[in-house]
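In: Need a 3D model of the following:
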Amino acid sequence: MVRETRGIFAVQYDAQILASVDMGAVVTVKALFDKAAQTYDRARRQLVPCFDDFYGTVLDLIPYERDSAIRILDIGAGTGLLAALLAQAFPQARLTLVDISEEMLEQARQRFRAEPGRFRFHALDFAEEPLWGEYEAAVSALSIHHVSAGAKRLVFQRVYSALREGGVFINADQVLGPTPEIDRRYHEAWLRQARGRGAAEDDITAALERMQQDDMSTLAWQLEQLENVGFEMVNCWYKNYGFVVYSGRKGATR
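Out: Numbers count the residues shown, from 1 in each chain. Now for the predicted structure:
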């Protein structure tokens, strides 16, 4: 086994897999996801072993009737996987998808080409740029963990500003373990479960390459930041090792 230290925590990976990842390359989140756009959805159920419960919790947490004509913002929407689930569950909803990768958004455009009026697409870096519009719900899946702690605070503030009174923010993401030992176990569990579900080694290698750009924070810290921004009813509703779904609601304007 080879131990790799990134930030304040250490993670152990199989040496054979690690050898196939270019650890020294200077890459960006955008470049990695542009590269992955064509095949990103292929192994989602294997690489997210708790797929059904993870994404299903997001749908369950949206506090509106299924026939409501709500507006939903999908932050770091990628190829539109979560947006597709939301669009099916809320057939009257209109969705705005934002992502740093134009290649990912092109996959999303193709996915939703039969209903062009329901979807809007914006290529932007949500860690650096404002979020335009007003929404009843804002969601994100497996995206915010790519940005720094300072950027996370700004994203939470921008999301809060973009929500209508009573609107909800739901983040389905991966988190840093509260200790190095717990974080190591999160990663070991992910590898074990992904392989147990039949993930191809090429897909695991690609996922590990993307993980080099991760900048995770603990769950407790993120919940605290939501409360500091002003969100109410902040809670983690689902957790499977490092996979979590948490939310907060925008209360009445003071």
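
In: any low-confidence regions in this structure?
Out: Within the chain, the segments meeting pLDDT under 70 span 1-42, 253-254.

In: how does it look with 50?
Out: 1-27, 29-40 (pLDDT under 50).

In: could you pull out the strands for it?
Out: All strands of the chain, identified by DSSP state E, fall at 2-6, 9-13, 71-75, 94-99, 119-123, 135-141, 163-174, 231-240, 243-250.

In: mind putting these in TSV, mean neighbour count and distance to Ala194 included?
Out: For every residue, glycine as well, the C-beta is placed using N, CA and C. Listed next are those as TSV, based on neighbours: other C-beta atoms under 10 Å; distance: least, C-beta to C-beta, whole Å:
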stretch	mean neighbour count	distance to Ala194
strand 2-6	12	18
strand 9-13	17	12
strand 71-75	24	24
strand 94-99	24	23
strand 119-123	17	29
strand 135-141	25	17
strand 163-174	21	13
strand 231-240	16	12
strand 243-250	23	12
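
In: ok, which stretches of the stretch 1-150 of the chain are helices?
Out: 15-19, 29-36, 44-47, 51-61, 81-89, 102-111, 149-162 (DSSP state H, counting those that start in this stretch).

In: is it possible to export those to CSV including mean neighbour count and distance to Arg210?
Out: As requested, those are arranged in CSV below (neighbours: other C-beta under 10 Å; distance: least, C-beta to C-beta, whole Å):
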stretch, mean neighbour count, distance to Arg210
helix 15-19, 12, 13
helix 29-36, 18, 5
helix 44-47, 17, 10
helix 51-61, 17, 17
helix 81-89, 19, 15
helix 102-111, 18, 12
helix 149-162, 18, 17
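
In: So which of those is nearest Trp221?
Out: Nearest to Trp221, of all the helices of the stretch 1-150 of the chain, is helix 149-162, at 7.5 Å by C-beta to C-beta.

In: now the angle from the closest one to strand 94-99?
Out: 160 degrees (axes from the mean of the first three to the mean of the last three C-alpha atoms, to 10 degrees).

In: which helices and strands does helix 149-162 pack with?
Out: strand 71-75, strand 135-141, strand 163-174, helix 219-229 (3 or more C-beta pairs under 8 Å, 6 or more residues apart in numbering; DSSP states H and E).

In: Neighbouring strands of the first one in the sheet, and parallel or not?
Out: In other words, strand 71-75. strand 94-99 (parallel), strand 135-141 (parallel) (DSSP bridges).
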